[in-house]
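K.L.:
below: sequence and its predicted model.
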Amino acid sequence: MRRTGVATAAAALVAGTLWAGTPAVHAEDGAEGRASAAGLGVDLDTVTIPQLQARMTKGSLTSKALTSAYLRRIDTVDPKINAVLRTDPTALRQAAASDERHRAGRALGPLDGIPVLLKGNVDTRGMPTTAGSLALAGSPPDADAPLVTRLRKAGAVILGKTNLSEWANFRAARPTSGWSAVGGQTHNPYVLDRNPCGSSAGSGAALAASLAQVAIGTETDGSIVCPAGMNGVVGLKPSLGVVSQSGVVPISAEQDTAGPMARNVVDTALTLAVLSGDTARPSASRGLKDAGARPGGLRGKRVGLWRLPELGPDVDAVMTRTARKLRTAGAEVVEVTPPYQKRLAELEFPALLSEFHRDIDAYLGTRKGPRDLAGLIEFNRTHPAEQTCFAGQELFEQALAAPPTTDPAYRAMRAELKDLSRRSIDETLAAHDLDAIAAPTNPPAWTTDCERGDNDVIPSSTPAAVAGYPSLSVPAGFVKELPVGVLLTAGNHQDARLLSLGAAVEQRLRAWRAPRYLPTTGSGSTR
């Protein structure tokens, strides 16, 4: 696997955060719903992993106390949003083992003792991994996905599993994001009748509600970054291949990746370093001057603004304010429109149909239950509980009839997709000498409606998703009560540079605020 320099970038972000003396995430004073943790002396909404580790090293905080605080918060807050499918009964034992390591001076790294939630499509030993479907609700996987193995080796506390859009939103033509037959409907913590976006809906909503320090999502196109944007948190879709695809319920090996989600960029970077196996920690790295986390970090950066006016005037106003703040910080912002987007939209879905049939059949061969896609289709037809929100499985049926991935027409289609998606980014970056492209991640959350389904045509995630390039969503602002993210996209395997830039953008925008769990609102868009 190609190294990304993430460990060095993460260490520099840590040094910058400690130098600045404040967390990279800022909550509004007096915001309702703040996640104070009695007895811990930390604000779960804003505390960062480096701050937690500093306290653990001093002995003024234990992983067991931190894990207990998050478990209590899941018990009290999650009934409002329904983001957590289940907690791991061994979580406190994992935390106690971390405390022993800290006391002995043998901590395994920045994630040792840090509670992590996993999306419900990531294989986890001894815990159900269902992709939201009752078809996989029987026996748990026999082994952890490699990314879970890396988290465990880093000392992270596996806190539990989050709900998701069933089959990662690749079952019905008009699905409802955040709904699964196993978990029901996840709600947006900011306004409870609004949608959390998919398919890593539970991971995004759980982080917004401060139910874990970090979470793992997965994406084929938009399924990490959209829930991050719509729930007001940070989400990174890494470059393809940086994180192992094995042991994750698939859609397409050509686009699928797991990635970290958190309430701030430094925690996101530290988690990616573990997920990618890039955990080298040279002693000099702590002294690096980080351009992302220190004042002036945007000076001289060049950012291309892709406005996407089809997301509405309120979102465009957020992007206008974002551009103004970046310019004030010394960045140069130029307006761009990446080419080839219409052709990418025409080709992506047919290619995914063929790839899903191939990859889901291979995955089902590792699990008990239906053995192939045809078996899944029959299961859904004969289990009414799979039809309680929406009955359709049109994508399953189309995938079953799609050409195989050995078909020359399919191969030509995927080759054109790869070429045009990479050119759309590379040519835009080169033509304007850009460090990154910035676009709105999401519209304001639409009202959740099983009968209507989603209104989520959001094109900003597609170029990076199809190209296999990294993209990072950072909170940008609000349309009244509803969060909007800014999506930063960079070139292939530029994950570390993107995280550094994202930290600078985050520090400048300071757009995060705690959710208020409003039952409904007339604000925002129902597009």
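P.N.:
Now that the structure is in, tell me what you want to look at.
K.L.:
shaky segments in this protein?
P.N.:
For the chain, residues meeting the criterion pLDDT under 70 lie at 1-4, 15-38, 279-296, 522-527.
K.L.:
centroid residue for it?
P.N.:
Of all residues in the chain, the one closest to the mean position by C-alpha atoms, centre = their mean is Ile224, 3.3 Å from it.
K.L.:
ok, now which ones touch that one?
P.N.:
Neighbouring residues of Ile224 by C-beta atoms under 8 Å, 6 or more residues apart in numbering: 200, 217-218, 235-237, 259, 261, 473. Using the backbone N, CA and C atoms, a C-beta is placed for each residue, glycine as well.
K.L.:
repeat that for Gly485.
P.N.:
Residues near Gly485 by C-beta under 8 Å, 6+ apart: 225, 228-230, 232, 440-442, 473-476.
K.L.:
do a quick rundown of the strands in the stretch 1-150 of the chain.
P.N.:
Assigned by DSSP state E, counting those that start in this stretch, the stretch 1-150 of the chain shows strands spanning 84-87, 115-119.
K.L.:
adding mean neighbour count, write those out as JSON lines.
P.N.:
Listed next are those as JSON lines, based on neighbours: other C-beta atoms under 10 Å:
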{"stretch": "strand 84-87", "mean neighbour count": "24"}
{"stretch": "strand 115-119", "mean neighbour count": "29"}
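K.L.:
just put the ones you listed in JSON lines and tack on distance to Thr322.
P.N.:
Shown next, in JSON lines, are the strands of the stretch 1-150 of the chain (distance: least, C-beta to C-beta, whole Å):
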{"stretch": "strand 84-87", "distance to Thr322": "32"}
{"stretch": "strand 115-119", "distance to Thr322": "28"}
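K.L.:
quick one, which of these gets closest to Pro338.
P.N.:
With C-beta to C-beta as the criterion, Pro338 lies closest to strand 115-119 of the strands of the stretch 1-150 of the chain, at 28.5 Å.
K.L.:
ok, and what's touching the closest one?
P.N.:
With C-beta under 8 Å, 6+ apart as the test, strand 115-119 has contacts from 63, 66-67, 70, 84, 91, 95, 124, 148, 151, 156-162, 164, 200, 202-203, 206, 211-218, 258, 271.
K.L.:
at 6 Å what do you get?
P.N.:
67, 70, 124, 151, 156-157, 159-162, 164, 200, 203, 206, 212-218 (C-beta atoms under 6 Å, 6 or more residues apart in numbering).
K.L.:
partners of it, with directions?
P.N.:
Note on strand 115-119: by DSSP bridges, its sheet partners are strand 157-162 (parallel), strand 214-219 (parallel).
K.L.:
most tightly surrounded among those strands?
P.N.:
For those, average neighbour numbers computed from mean count of other C-beta atoms under 10 Å are highest in strand 214-219, which has a mean of 30.
K.L.:
just the CA atoms of that strand, as PDB, please.
P.N.:
What follows is strand 214-219, C-alpha atoms only, in PDB (Å, rounded to 0.1, in the frame of the first residue of the first chain):
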ATOM      1  CA  VAL A 214     -14.700   9.000  16.600                       C
ATOM      2  CA  ALA A 215     -16.700   6.800  14.300                       C
ATOM      3  CA  ILE A 216     -16.000   4.700  11.100                       C
ATOM      4  CA  GLY A 217     -18.100   5.200   8.000                       C
ATOM      5  CA  THR A 218     -17.900   3.800   4.500                       C
ATOM      6  CA  GLU A 219     -18.400   5.400   1.100                       C
END
